[in-house]
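> Sequence first, predicted model second:
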Amino acid sequence: MAMEKNVAFLPPQMHFGTLLMGSNDAVLRDMNPGQHVPMDEFEQNLLYIAAEMLRRAEKGIVLIAPPPCNPDAWAEFVNTRKPEFN
């Protein structure tokens, strides 16, 4: 499984952990195909990382979801950014 390489940043043991879910992956394919992660892949990655964290955390983990998004406001923000940042 490819994800096994991506948890090397986790300490072997921890008191507890926090996992911020999908704030970078929650991008529509049309807006940024390079950053978009398909839902099934995102789910598999999240489950793997959460399981690894639970295995290592003495007290457990806290999962933090991204805030709600207003697609129209986000599109306006992206379209008003300087071209070098798009």
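Arrived safely. Since we're looking at a predicted model, the values are computed, not measured. Residues are numbered from 1 along each chain as shown.
> Where do the helices of this protein begin and end?
Ranges of helices in the chain, per DSSP state H, are 39-56, 71-80.
> list the buried ones in the first one?
Within helix 39-56, the residues that qualify as buried by neighbour count (16 or more other CB atoms under 10 Å) are 45-46, 48-49, 52-53. Every C-beta, even on glycine, is put in place using the N, C-alpha and C of the backbone.
> Contacts for stretch 8-19, please.
Contacts to stretch 8-19, defined as CB atoms under 8 Å, 6 or more residues apart in numbering, come from residues 46, 49-50, 52-53, 56-64.
> Quick one: neighbours of the closest residue in space to residue 58 that isn't next to it in sequence, just the number.
Excluding its sequence neighbours, the residue lying closest to residue 58 (CB to CB, 6 or more residues apart in numbering) is residue 15, at 5.3 Å. Close neighbours of residue 15, defined as other CB atoms under 10 Å, add up to 9.
> coming back round to it: for residue 20, which of the helices of the chain is the nearest?
Closest approach to residue 20 among the helices of the chain (CB to CB): helix 39-56, 10.7 Å.
> May I see the buried residues of stretch 22-38?
22, 25, 27, 36-37.
> coming back round to it: could you dump the helices of the chain to JSON lines with mean pLDDT?
Converted to JSON lines, these look like this (pLDDT from 0 to 100):
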{"stretch": "helix 39-56", "mean pLDDT": "90"}
{"stretch": "helix 71-80", "mean pLDDT": "81"}
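> Quick one: those as a markdown table, columns for distance to residue 9 too.
A markdown table is the format used below for these (distance: least, CB to CB, whole Å):
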| stretch | distance to residue 9 |
| --- | --- |
| helix 39-56 | 10 |
| helix 71-80 | 28 |
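> for the ones you listed, which one sits closest to residue 6?
Proximity to residue 6 (CB to CB) singles out helix 39-56 among the helices of the chain, at 7.5 Å.
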